[in-house]
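> Below is the structure, and that's it, no one-letter string:
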């Protein structure tokens with residue numbers, strides 16, 4: 001069980017953490033919402049919780065709670081630029097479908 005990130009995502013996350021000046025790493029999780037049921041959540045981690053699992057990639061820590069890991073195991077976090085748009089993209093092998101707007105997914 002693990003999650004990872006591309007070099008582009010690691011560069012962006014590292015930049016955010018450096019500018020922030022503190023933090024253990026980046027939390028990657030899911031919450032119940034949207035048309036399809038689940039949506040990704042990204043937030044900085046200052047303290048680890050008891051049920052957190054920590055994965056290190058490109059020298060950075062990705063933190064996932066046990067409940068979210070079931071849905072995102074094997075996911076690779078990427079950072080992409082498409083025209084004027086840029087943002088994080090989740091390459092999740094567990095996804096069975098996504099809503100039309102791309103904000104939520106089903107497993």
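Arrived safely. Predicted, not measured: the structure shown is a model, and the values here were computed from it. Residues are numbered from 1 along each chain as shown.
> could you pull out the helices for this structure?
Counting by DSSP state H, the chain has these helices, from start to end: 7-20, 66-72.
> Export those helices as a markdown table, with columns for distance to residue 85, mean neighbour count and mean pLDDT.
Glycine gets a C-beta too; all of them are placed from N, C-alpha and C. Conversion of those to a markdown table gives the following (distance: least, CB to CB, whole Å; neighbours: other CB atoms under 10 Å; pLDDT from 0 to 100):
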| stretch | distance to residue 85 | mean neighbour count | mean pLDDT |
| --- | --- | --- | --- |
| helix 7-20 | 14 | 15 | 95 |
| helix 66-72 | 23 | 17 | 91 |
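> Out of the ones you listed, which gets nearest to residue 44?
Taking CB to CB as the measure, the helices of the chain were each checked against residue 44, and helix 7-20 came out nearest at 6.3 Å.
> how many neighbours does the nearest residue to residue 80 once chain neighbours are set aside have?
When the adjacent residues along the chain are set aside, residue 80 lies closest to residue 89, with 5.0 Å between them (CB to CB, 6 or more residues apart in numbering). Counted with other CB atoms under 10 Å, the burial measure for residue 89 works out to 17 neighbours.
> From residue 9, how far off is residue 89?
8 Å (CB to CB, to the nearest Å).
> intersection of neighbour lists for these two?
The overlap between the contact sets of residue 89 and residue 9 (CB atoms under 8 Å, 6 or more residues apart in numbering) consists of 77-79.
> got TSV for the helices of the chain, with distance to residue 26 too?
Written out in TSV, the entries for the helices of the chain read as follows (distance: least, CB to CB, whole Å):
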stretch	distance to residue 26
helix 7-20	5
helix 66-72	13
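> Which of these sits closest to residue 49?
Shortest distance between residue 49 and the helices of the chain, using CB to CB, is found for helix 66-72: 9.4 Å.
> I'd like the distance between the closest residue in space to residue 3 that isn't next to it in sequence and residue 46.
Excluding the flanking residues, the one nearest residue 3 by CB to CB, 6+ apart is residue 75, at 4.8 Å. Taking CB to CB as the measure, residue 75 and residue 46 are separated by 23 Å.
> The two: who's more crowded?
Between residue 75 and residue 46, residue 75 has the larger neighbour count (other CB under 10 Å), namely 24 against 11.
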